[in-house]
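Colleague: Fold the following and give me the result.
(one chain, ligands or ions: 2)
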Amino acid sequence: MSPTAKEPMVRFDGVTKRYGALTVLDNLNLEIGRGEKVAIIGPSGSGKTTVLRMLMTLERIDGGVIWVDGEPLTHVQRGGGMAPADPKHLRRVRAKIGMVFQHFNLFPHMNALANCMEAPVTVLGIPKREAEERAAGLLDMVGLADKKGHYPSQLSGGQQQRVAIARALAMRPKVMLFDEVTSALDPELCGEVLQVIRKLGSEHDLTMLMVTHQMGFAKEFADRVCFFYQGKICEQGEPQQLFTVPSNDRTRQFLRAVLDSV
Ligand code: ADP
Ligand code: MG
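Modeller: Ligands and ions are numbered 1, 2, ... in the order given. Model (predicted):
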């Protein structure tokens, strides 16, 4: 066993994020185990997307440390203390993480195959032929073997989102982040995307962190659900318990509101 094998895959250690006077993450502590599937739920504005964006190092945090795979992501250990990480360190550790967004964000001028080859070639320096094989294999995996030459504008929302998942996987991440990946889709297209996520969960040893409004999917898929409220985890637990006997009033209110709306 490697020295890091017992460490959680992701750890937020007292993480704070502010935008001006607004504290969006408030001294957040969150550990995610290796291979664990965690669903994040909570009202709009509670900081769910911010958690994922901080992990992707899309922005800097204002306090605390984020750890990934046993080492600090946001910092480097130096002389017994912690110093803010430089861009090179951020890039190296961040390479372990892949993210899929609500609005796909595919490169519009590239076909599905090229979308999945771009980062492996330019960021990892993988030879084109190898990147193409990898991309083709992943597009097969998400059920798009016959759409490799299609451009995003020629694909349905569900197909585009499956390309986005394949594109993130092409970097061979250890952690996958999903931010409301079915929210922009027509209801009949959600199923095909959720099916891909289910398959990933059962066939791969990926650690997965997903923000979702689909309580049914969270209940069935996640090992743990975290309910966010005002930048903190207000309640967390196994889905069965959190969804059926939430212990916190705010969780109860939120669940009542979302479940009533469907
Ligand atoms: P959620 O995903 O739970 O809906 P977010 O994490 O996107 O919430 O946002 C949390 C809060 O932070 C919101 O009040 C939002 O308006 C604010 N926020 C997010 N990004 C920015 C930004 N770049 N500048 C200013 N405020 C932001
Ligand atoms: Mg959000």
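Colleague: ok, which stretches of the stretch 51-200 of the chain are strands?
Modeller: Under the criterion DSSP state E, counting those that start in this stretch, strands of the stretch 51-200 of the chain are mapped to 63-68, 71-72, 75-78, 81-84, 97-100, 175-179.
Colleague: Which among those strands is found nearest to P43?
Modeller: P43 lies closest, by CB to CB, to one member of those: strand 175-179, at 15.3 Å. For every residue, glycine as well, the C-beta is placed using N, CA and C.
Colleague: Check which residues of the longest helix seen in the chain are buried.
Modeller: Across the chain, the longest stretch assigned as helix under DSSP state H is helix 187-203. Residues of helix 187-203 classed as buried by neighbour count (16 or more other CB atoms under 10 Å): L189, C190, E192, V193, L194, V196, I197, L200, G201.
Colleague: Are stretch 169-186 and ligand 2 in contact anywhere?
Modeller: No - shown here: stretch 169-186 not in contact with ligand 2 (CB under 5 Å from the ion), separated by at least 6.1 Å.
Colleague: Show me which residues of this protein sit near ligand 1.
Modeller: Residues of the chain lying close to ligand 1 by CB under 6 Å from any ligand atom are Y19, V24, G42, S44, G45, S46, G47, K48, T49, T50.
Colleague: from the residues you listed, which two are the most distant?
Modeller: So, the residues of the chain next to ligand 1 by CB to CB: farthest apart are Y19 and G42, at 17.5 Å.
Colleague: which one of the two has more residues nearby?
Modeller: Comparing Y19 with G42 by other CB atoms under 10 Å, the one with more neighbours is G42, at 23 against 10.
Colleague: Would you enumerate the residues in contact with the residue lying closest to the more buried one once chain neighbours are set aside?
Modeller: Closest residue to G42 apart from its sequence neighbours, by CB to CB, 6 or more residues apart in numbering: F228 at 3.3 Å. Counting by CB atoms under 8 Å, 6 or more residues apart in numbering, F228 makes contact with I40, I41, G42, P43, S46, G47, K48, V51, C234.
Colleague: Of those residues, which ones also sit close to ligand 2?
Modeller: Contacts with ligand 2 are made by K48 out of the contacts of F228, judged by CB under 5 Å from the ion.
Colleague: any idea which of the contacts of F228 is closest to ligand 2?
Modeller: Nearest to ligand 2 among those: K48, at 5.0 Å, using CB to the ion.
Colleague: That closest one contacts G42, correct?
Modeller: Yes - between K48 and G42 there is a contact under CB atoms under 8 Å: 5.6 Å.
Colleague: Name the residue closest to the centre of the chain, please.
Modeller: For the chain, the residue nearest the mean C-alpha position is L177 (0.7 Å; CA atoms, centre = their mean).
Colleague: so what's that one bridging to?
Modeller: Note on L177: beta-bridge partners by DSSP bridges are M99, L209.
Colleague: surely it meets M54?
Modeller: No - between L177 and M54 there is no contact under CB under 8 Å: 10.4 Å.
Colleague: Now do the shared contacts for these two.
Modeller: Shared contacts of L177 and M54, defined by CB under 8 Å, 6+ apart, are absent.
Colleague: hang on, the earlier thing: let's see the PyMOL selection covering just the buried ones among the residues of the chain next to ligand 1.
Modeller: In PyMOL, this line selects whichever of those come out buried by 16+ other CB under 10 Å:
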select buried, resi 24+42+46+47+48+49+50
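Colleague: for the residues of the chain next to ligand 1, which one is nearest T207?
Modeller: Distances from T207 to the residues of the chain next to ligand 1, taken by CB to CB, are shortest for K48, at 17.2 Å.
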